[in-house]
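Participant: give me the fold of what follows.
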Amino acid sequence: MNIILGSQSPRRRELLRGLDIDHSEVVIDADESYPSELQGGDIPMYISRAKAQAYLRAHELSSDELLITSDTIVWSAGRVLGKPHSEQEACGMLKSLSDKTHQVFTAVCFAGRRNGQPFMDCFVDRADVTFLPLSEADITYYVSHYHPLDKAGAYGIQEWIGYIGVSQIKGSFFTVMGFPTHIVHQYINKLKMLN
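Facilitator: I've put the predicted structure just below:
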């Protein structure tokens, strides 16, 4: 099976490699906007599906190819914390997460052909993350040294802020990193058994 990871995220690429799964990587230019009525896990599900559809509009998958796309959001107090546009915004996001529990939703979509027919299967995984109280100094240090402008919610759990600030995770650490490796592994093993 030729697996294609449609992602610009170095974390997703690293995690798929960590599963010892041979794959190729492509960058997909997709519209990541979503309907305003969507909530929580429905948002990354919609976006990961849109990424797959954008790729499929330009490429026809052969019967031995499997496309994987994914998206992650941080959900706090009923709203999405996306990627911050500035260090000031990143600091504000981290202040809002301090001393609270928030949710991370990561969706993953698999697209391919089965018996000649196209299919797309999508899943979403949730993790609850609790931060200790973060001081202004902690937040400023992290943002100025790690520049988390490419990360949903303005943090990477695998970085310094996760080491010192996260007191509890309910769910998969890798879902918080942005790729639910257990779902990917189980799905690919199931496909191998079907073929």
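
Participant: hey, let's count contacts and neighbours off CA atoms from now on
Facilitator: OK.

Participant: got the CA positions of the longest helix along the chain in PDB?
Facilitator: Ranked by residue count, the top helix of the chain under DSSP state H comes out as helix 42-58. Only the C-alpha atoms of helix 42-58 are listed here, as PDB (Å, rounded to 0.1, in the frame of the first residue of the first chain):
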ATOM      1  CA  ASP A  42     -16.900  18.700  14.100                       C
ATOM      2  CA  ILE A  43     -14.500  21.500  13.100                       C
ATOM      3  CA  PRO A  44     -11.300  19.500  12.500                       C
ATOM      4  CA  MET A  45     -13.500  16.700  11.000                       C
ATOM      5  CA  TYR A  46     -14.800  19.200   8.400                       C
ATOM      6  CA  ILE A  47     -11.300  20.600   7.700                       C
ATOM      7  CA  SER A  48      -9.500  17.300   7.400                       C
ATOM      8  CA  ARG A  49     -12.300  16.100   5.000                       C
ATOM      9  CA  ALA A  50     -11.900  19.400   3.000                       C
ATOM     10  CA  LYS A  51      -8.100  18.800   2.700                       C
ATOM     11  CA  ALA A  52      -8.700  15.300   1.300                       C
ATOM     12  CA  GLN A  53     -11.300  16.600  -1.100                       C
ATOM     13  CA  ALA A  54      -9.000  19.300  -2.300                       C
ATOM     14  CA  TYR A  55      -6.300  16.700  -3.100                       C
ATOM     15  CA  LEU A  56      -8.800  14.300  -4.800                       C
ATOM     16  CA  ARG A  57     -10.000  17.100  -7.100                       C
ATOM     17  CA  ALA A  58      -6.500  17.300  -8.500                       C
END
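
Participant: what strands line up against the next helix or strand after that helix, and which way round?
Facilitator: Per DSSP states H and E, the first helix or strand lying C-terminal to helix 42-58 is strand 65-76. When sheet partners are counted by DSSP bridges, strand 65-76 sits next to strand 2-6 (parallel), strand 79-81 (antiparallel), strand 101-114 (antiparallel).
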